[in-house]
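Peer 1: Quick one, what's the 3D model for this:
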Amino acid sequence: MAARLAVLPDPRDRRGRRHPLTSVLLAAACAVLAGARSYLAIGQWTRHAPQDTLARLGFPARGPLGVRRPASLSTLRRVLTLVCPGGLADLLGTDPAGADSLAVDGKSARGSRTDTAPAAHFLSAVTAAGRAVSQLRVPDKTNEITGFTALLAPFDLTGTVVTADALHTQREHAKWLVEAKQAHYLLIVKGNQPALHAALKSLPWKEVTARRYDREAGHGRRETRSVRTLTVTGLGLGFPHVVQAAKILRHRTDLKTGKVTRQTVHAITDMTPREASPQFIGRLARSQWGIEAVHHIRDVTFAEDASKIRTGYGPENMATLRNFAINILRDAGHRSIAAGLREVSYAPFARPLDLLALA
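Peer 2: Take a look at the predicted model:
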């Protein structure tokens, strides 16, 4: 981990640097793994860290007694507001190699809104297993569409299926994925593509025999999903490389109230029936909805929406540290991130470093 972070350029002036950039970033990552939600909490964790923890983090020994001093709160804050957010997100993200799909979606950090600026908005890529690959901040006065290719460009996506919601059902995105990245796509179609949406709704879905049904119960609800697929090559839908269309129906029953909700979603893909069965398309659709679970964890467990961090690159770098903590805890086998954070907090100056394999 330290070797990976060492490639990041240090944004601080050379004069007066007392602590290595890698040590400062590792301290912040470990503090978030121990439950820190703010700069102040990260500073408190670092200030109370014992000498052996500071040694494992790489803080240098100074003076005749070889005492290691941690980075101050002001240093931690300055680094996290200045360090390159794109580089940090890529370095702390999981490697997408071997993942059969990536889900792309956006999220706002509502607490970062000011009187003169909107809330910071992030575009993220997450694997089907719920590991964040990377994220970037969407510039103010633009939208997620402008960041789609920039987010995914650094990665080898050969053979990977990229899923996205209706906002990213753009012809340019589809062409870029298939032609430039040798990837596949499964894109949701809604009213922002009215002609395409109408064409999909008018397809003979009642006659379709290729279908899949799934049922599951949990989290206080029972859900039934059906997926129907139809080959649409030659039907003149006017979308690049499209081969199949899918109609996904979700019936959800709240076991406490008995309330039933129904949702119908249409999607398109460049994959053939041999490459993508109804079962596979259903699983891909679930992975796209699963990215919302990661965002929910950041809001509920890490209180991201309540965070008032607003200046510089602070909002996106703190979001990256939260994503990183989720990745690490899931890699350690924790299905519940909240429970994983509690377990780490019982030994806050040892367990985070053990999880990061810091000697």
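Peer 1: all helices for the protein, in order.
Peer 2: Secondary structure of the chain by DSSP state H: the helices cover 2-5, 21-33, 39-48, 51-57, 73-82, 85-92, 148-152, 171-175, 194-201, 278-300, 314-331, 337-345, 351-355.
Peer 1: Indicate which one of those is closest to L235.
Peer 2: helix 194-201 (7.6 Å; C-beta to C-beta). From N, CA and C alone the C-beta is placed, and that goes for glycine too.
Peer 1: got any ranges where the stretch 1-150 of the chain has weak pLDDT?
Peer 2: Along the stretch 1-150 of the chain, no part satisfies pLDDT under 70.
Peer 1: List just the one of the helices of the chain that sits closest to L230.
Peer 2: Across those, closest to L230 is helix 194-201 (C-beta to C-beta), at 9.1 Å.
Peer 1: distance between the closest one and the chain's centre?
Peer 2: In terms of C-alpha atoms, centre = their mean, to the nearest Å, the centre of helix 194-201 is set 30 Å apart from its chain centre.
Peer 1: Show me what counts as buried in it.
Peer 2: L196, H197, A199, L200 (16 or more other C-beta atoms under 10 Å).
Peer 1: correct me, but the last one touches I268?
Peer 2: Yes - taking contact to mean C-beta atoms under 8 Å, the distance of 7.3 Å between L200 and I268 places them in contact.
Peer 1: so what sits against both of these two?
Peer 2: Jointly contacting L200 and I268 under the rule C-beta atoms under 8 Å, 6 or more residues apart in numbering are V189, L237, A245.
Peer 1: Apply the buried test to those residues and list what passes.
Peer 2: V189, L237, A245.
Peer 1: Which of those residues fall within strands?
Peer 2: In this view, the buried ones among the shared contacts of L200 and I268 that belong to strands under DSSP state E are V189, A245.
Peer 1: Look at A347 and say how many residues are nearby.
Peer 2: 12 (other C-beta atoms under 10 Å).
Peer 1: any idea how far it lies from L57?
Peer 2: A347 sits 15 Å away from L57, going by C-beta to C-beta, to the nearest Å.
Peer 1: Please apply the same query to V7.
Peer 2: Distance from V7 to L57, counting by C-beta to C-beta: 18 Å.
Peer 1: P204 now?
Peer 2: 62 Å.
Peer 1: between the two, who's got more neighbours?
Peer 2: Counted by other C-beta under 10 Å, P204 and L57 do not tie: L57 has more neighbours, with 28 against 7.
Peer 1: mind putting the helices of the chain in JSON lines, distance to P64 included?
Peer 2: JSON lines is the format used below for the helices of the chain (distance: least, C-beta to C-beta, whole Å):
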{"stretch": "helix 2-5", "distance to P64": "27"}
{"stretch": "helix 21-33", "distance to P64": "22"}
{"stretch": "helix 39-48", "distance to P64": "23"}
{"stretch": "helix 51-57", "distance to P64": "15"}
{"stretch": "helix 73-82", "distance to P64": "24"}
{"stretch": "helix 85-92", "distance to P64": "36"}
{"stretch": "helix 148-152", "distance to P64": "50"}
{"stretch": "helix 171-175", "distance to P64": "61"}
{"stretch": "helix 194-201", "distance to P64": "73"}
{"stretch": "helix 278-300", "distance to P64": "45"}
{"stretch": "helix 314-331", "distance to P64": "35"}
{"stretch": "helix 337-345", "distance to P64": "35"}
{"stretch": "helix 351-355", "distance to P64": "27"}
